[in-house]
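J.: return atomic coordinates for the entry below.
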Amino acid sequence: MADVALVRKRVKTAIEQARRDQAERRGRVTEATRAYEGFLENAAIPVFKMFANILKSEGLHFEVMTPAGGVRLQSERQRDDCIEMELDTTADPPQPLVTITRVRGSRIVQSDRSIKGSNPLVQLTEDDVIEMLLEELRPWLL
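T.: Model (predicted):
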């Protein structure tokens with residue numbers, strides 16, 4: 001049988017390590033949240049608005065909504081058809097998560113993806129948002 005004192009020492013070490021890891025993770029989340037807010041305001045929201053204007057001029061009616069901490073390009077005809085971006089703080093490191101929702105008859109199909117693979121948030125640009133929107137809008141452009 002294992003020695004209780006040794007097991008207790010290992011458990012205490014594991015608890016301390018978990019607390020340190022959690023504190024480091026909170027720091028990464030805080031840093032990513034700050035970076036994401038800048039990315040959202042300076043790149044994502046302007047690109048989403050640009051796309052909405054371009055699509056409207058082409059007869060495809062989309063509008064942009066900006067819920068707290070995110071941006072959403074939504075069809076004016078079918079409210080459930082949308083592309084939404086928000087920060088996924090459950091990922092390590094935190095990443096912008098894009099959720100695509102499409103209505104197919106009576107079914108709603110939803111999928112999630114990152115903007116550009118596992119690129120760090122600080123490396124994402126307007127071009128990455130444009131590429132993602134071009135890819136994901138394709139079914140609605142027909």
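J.: so what's the residue nearest the centre of the chain closest to, chain neighbours aside?
T.: The centre of the chain sits closest to L97, judged by Cα atoms, centre = their mean, with a distance of 1.8 Å. Distance criterion Cβ to Cβ, 6 or more residues apart in numbering; nearest residue to L97, sequence neighbours excluded, is D88 at 3.8 Å. Any C-beta I mention is one placed from the backbone N, CA and C, and that applies to glycine too.
J.: same question, I130
T.: V47 (5.8 Å).
J.: ranges for the helices of the chain?
T.: Per DSSP state H, the chain carries helices over the ranges 4-39, 45-57, 126-137.
J.: which of the ones you listed sits closest to P120?
T.: Set against P120 and scored by Cβ to Cβ, the helices of the chain come closest in helix 4-39, at 8.7 Å.
J.: give the rounded mean pLDDT of the closest one.
T.: The pLDDT scores in helix 4-39 average 92.
J.: for that helix, packing partners?
T.: In terms of contacts (3 or more Cβ pairs under 8 Å, 6 or more residues apart in numbering; DSSP states H and E), helix 4-39 is packed against strand 82-88, strand 95-104.
J.: ranking those by burial, who's on top?
T.: Of those, the one with the most neighbours on average (mean count of other Cβ atoms under 10 Å) is strand 82-88, at a mean of 20.
J.: mean confidence score for that one?
T.: 94.
J.: same for that strand, what does it pack against?
T.: Counting contacts by 3+ Cβ pairs under 8 Å, 6+ apart, strand 82-88 packs against helix 4-39, strand 70-75, strand 95-104, helix 126-137.
J.: sweet, I'm off.
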